[in-house]
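> Give me a model of this one.
(chains A and B)
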2 protein chains.
Amino acid sequence: MDNDVLRRGKPTVHVQFGEASALLAGDALQALAFELLTPLDGTVPAAIQARLCGLLARAAGSGGMAGGQAIDLASVGQALSERQLREMHQLKTGALLEGSVLMGAHCAQADAATLQALQAYGAAIGLAFQVVDDILDVTADSATLGKTAGKDADNDKPTYVSLMGLHASRAYAQELLAQALAALDGSTLSDTQALRALADMVVNRAH
Amino acid sequence: MDNDVLRRGKPTVHVQFGEASALLAGDALQALAFELLTPLDGTVPAAIQARLCGLLARAAGSGGMAGGQAIDLASVGQALSERQLREMHQLKTGALLEGSVLMGAHCAQADAATLQALQAYGAAIGLAFQVVDDILDVTADSATLGKTAGKDADNDKPTYVSLMGLHASRAYAQELLAQALAALDGSTLSDTQALRALADMVVNRAH
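Residues are numbered from 1 along each chain as shown, chains lettered A, B, ... in the order given. I've put the predicted structure just below:
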């Protein structure tokens, strides 16, 4: 699916172990995620288990990550509008990041205002993650990035940098960071320090 | 993963749509299964949703189908004992069939005796399914089978037919059918006709 030969500075699974094993490992890991959400030892109430599985399934599937990836596959060599690019990334990266934040919130049995705030926070950092990914693909070298740099342009893929330029992409990432932090103010959480640090890390990371 | 070009008489997904889309469709379909098990409309109690997700995750993952497929991949060109072959198929096909039967039983809130009976039933037809698959790969032509016949021998894969011969494989399939039907007698179900018919169909199918 992805022609990367490096991830986090190491050979990708399909390079190291072959395509069939890589594919199978992906299938097994997706199942493992749901296995971990449904422990048999009574530590997680059934209602929360069901909610977590539902959130993960919807974030990962055709209405989430897999759907976004399908648009990505179909968009190679195409000119996408800013709206189309945003919709693709909201599915491809945003849905799973938003889902992860909401899963934590449901574990903590957060109130409705906090769920809404965290959903907006998750959506903003999900999109920001992808904008920054597009920026780093252009500005970082492969050693720093831990994966093959310059791949998007090589693959003729639409990115934020190709669409709006490097300068505007950086400004947009900072705008999304501000949105994420502002969203947290709508929650009833007493301590949002870790969530603020996470948003900052997503946007200001070097790799 | 599988070099079949035909399934149910039609081109396989990777032949028709390319490998990347086929892989992605598989990921999306696995997520869809969990989405369907966690409806948001209140029709399925949360405790049952959680139980169904747990059963499916364990049947599909490294301790089930994906694990069996990994052994299958690793066993090409290897001589497996009957025990090793059975263990492979119990994971690769048996776990998901057994899981499916148990998911139905949990939906019906079956008692412990019935759950145990249905687990034995599912395990027997799961293994029988694979024994019959091995037989049909040798005895049926591709048109009847709806997929490429003779593939196992071509791929130098260990099968029940290569291990015990055609005659003994057929006898073993009938023995597993008898085991499946006997297991149903241990349940408290008032009507097992559909389950008996299903077991018969698995073993006596022509494709």
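> Looks to me like A:T188 is in a helix.
No. When classified by DSSP: H, G, I helix; E, B strand; the rest coil, A:T188 is found to be coil rather than part of a helix.
> what about the longest helix in chain A?
Among the elements of chain A assigned as helix by DSSP state H, the one spanning the most residues is helix A:112-139.
> Run the chain-centre distance for that helix.
On the basis of C-alpha atoms, centre = their mean, to the nearest Å, the separation between the geometric centre of helix A:112-139 and that of its chain is 7 Å.
> How about stretch A:62-79?
Averaging C-alpha coordinates over stretch A:62-79 and over its chain gives two centres that are 14 Å apart (C-alpha atoms, centre = their mean).
> Can you read off the pLDDT for A:A153?
In this model, A:A153 is scored at 67, pLDDT.
> Just give me the residue right at the centre of chain A.
A:T93 (3.1 Å; C-alpha atoms, centre = their mean).
> Now do the same for that one: helix, strand or coil?
In three-state terms, and counting by three-state DSSP, A:T93 is helix.
> residues in chain A within reach of chain B, list them.
A:1, A:20-21, A:23-24, A:26-28, A:30-35, A:37-38, A:40, A:46-47, A:49-51, A:53-54, A:56-58, A:60-62, A:64, A:66-67, A:69-70, A:73 (C-beta under 8 Å from any C-beta of the partner chain). From N, CA and C alone the C-beta is placed, and that goes for glycine too.
> Quick one: buried ones out of those?
A:1, A:21, A:23-24, A:26-28, A:30-35, A:37-38, A:46, A:49-51, A:53-54, A:56-58, A:60-62, A:64, A:66-67, A:69-70 (16 or more other C-beta atoms under 10 Å in any protein chain shown).
> any idea how far the residue nearest to the centre of chain A lies from A:D133?
8 Å (C-beta to C-beta, to the nearest Å).
> With adjacent residues omitted, what lies nearest to A:L40?
B:G54 (6.8 Å; C-beta to C-beta, 6 or more residues apart in numbering or on different chains).
> Is the one you found within a helix or a strand, and which one?
Under the criterion DSSP states H and E, the helix or strand holding B:G54 is helix B:46-60.
> What's the first helix or strand after that helix?
Moving toward the C-terminus from helix B:46-60, the next helix or strand (DSSP H and E) is helix B:65-74.
> would you put the C-alpha positions of that next one in PDB?
These are the backbone C-alpha positions of helix B:65-74, laid out as PDB (Å, rounded to 0.1, in the frame of the first residue of the first chain):
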ATOM      1  CA  MET B  65      -7.400 -17.300  11.800                       C
ATOM      2  CA  ALA B  66      -4.400 -15.000  11.300                       C
ATOM      3  CA  GLY B  67      -2.200 -17.300  13.400                       C
ATOM      4  CA  GLY B  68      -3.300 -20.400  11.400                       C
ATOM      5  CA  GLN B  69      -2.600 -18.500   8.100                       C
ATOM      6  CA  ALA B  70       0.900 -17.700   9.400                       C
ATOM      7  CA  ILE B  71       1.600 -21.300  10.100                       C
ATOM      8  CA  ASP B  72       0.200 -22.100   6.600                       C
ATOM      9  CA  LEU B  73       2.600 -19.600   5.000                       C
ATOM     10  CA  ALA B  74       5.500 -21.100   6.900                       C
END
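> how about the longest helix of chain A: buried residues?
For helix A:112-139, the neighbour count (16+ other C-beta under 10 Å) marks A:114-115, A:117-138 as buried.
> just stretch A:152-167 next, same as before
For stretch A:152-167, the buried set under the neighbour-count rule, 16+ other C-beta under 10 Å, comprises A:152, A:157-164.
> Serialize those residues to a markdown table and add fields for secondary structure.
Converted to a markdown table, those look like this (three-state DSSP):
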| residue | secondary structure |
| --- | --- |
| A:D152 | helix |
| A:K157 | coil |
| A:P158 | coil |
| A:T159 | coil |
| A:Y160 | helix |
| A:V161 | helix |
| A:S162 | helix |
| A:L163 | helix |
| A:M164 | helix |
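> what's the burial count for A:M201?
Here the number of neighbours of A:M201 (other C-beta atoms under 10 Å in any protein chain shown) works out to 10.
> Tell me how far it lies from B:L97.
On the measure of C-beta to C-beta, A:M201 and B:L97 end up 45 Å apart.
> next one: A:G68
33 Å.
> again with A:H89
Following C-beta to C-beta, the distance that separates A:H89 from B:L97 is 39 Å.
> Repeat that for A:A20.
Plainly put, A:A20 is 23 Å away from B:L97 if you go by C-beta to C-beta.
> A:Q193 too?
Summarising the geometry, the distance separating A:Q193 from B:L97, computed by C-beta to C-beta, is 49 Å.
> what about the two, which has more around it?
Between A:Q193 and B:L97, counting by other C-beta under 10 Å, B:L97 is the more crowded of the two (24 against 9).
> right, and the more buried one touches B:G122 too?
Yes. With contact defined as C-beta atoms under 8 Å, B:L97 reaches B:G122; the gap is 5.5 Å.
> is it true that the residue nearest to A:L40 touches A:L36?
No. Counting by C-beta under 8 Å, A:L36 is not a contact partner of B:G54; they are 10.2 Å apart.
> Now do the helix holding B:G54 against helix B:112-139, angle only.
Going by axes from the mean of the first three to the mean of the last three C-alpha atoms, to 10 degrees, helix B:46-60 is angled at 30 degrees with respect to helix B:112-139.
> and the angle from helix B:46-60 to helix B:65-74?
If you take the same axes, to 10 degrees, helix B:46-60 sits at 0 degrees to helix B:65-74.
> ok, residues contacting helix B:46-60?
Helix B:46-60 is contacted by residues A:27, A:31-35, A:37-38, A:40, A:46-47, A:49-51, A:53-54, B:30, B:33-34, B:37-39, B:44, B:64-66, B:95-96, B:98-100, B:102-103, B:106-107, B:109 when judged by C-beta atoms under 8 Å, 6 or more residues apart in numbering or on different chains.
> Please state the backbone phi and psi of A:V15?
Recorded main-chain torsions at A:V15 are phi -70, psi -40, according to degrees, to the nearest 10.
> One more: A:T188?
For A:T188, the backbone dihedrals (degrees, to the nearest 10) come out as phi -100, psi 20.
> Neighbours of it, how many?
With neighbours defined by other C-beta under 10 Å, the count for A:T188 comes to 10.
> Let me know the pLDDT of it.
Here, the pLDDT recorded for A:T188 equals 94.
> now do A:S75
Among the per-residue scores, A:S75 holds a pLDDT of 88.
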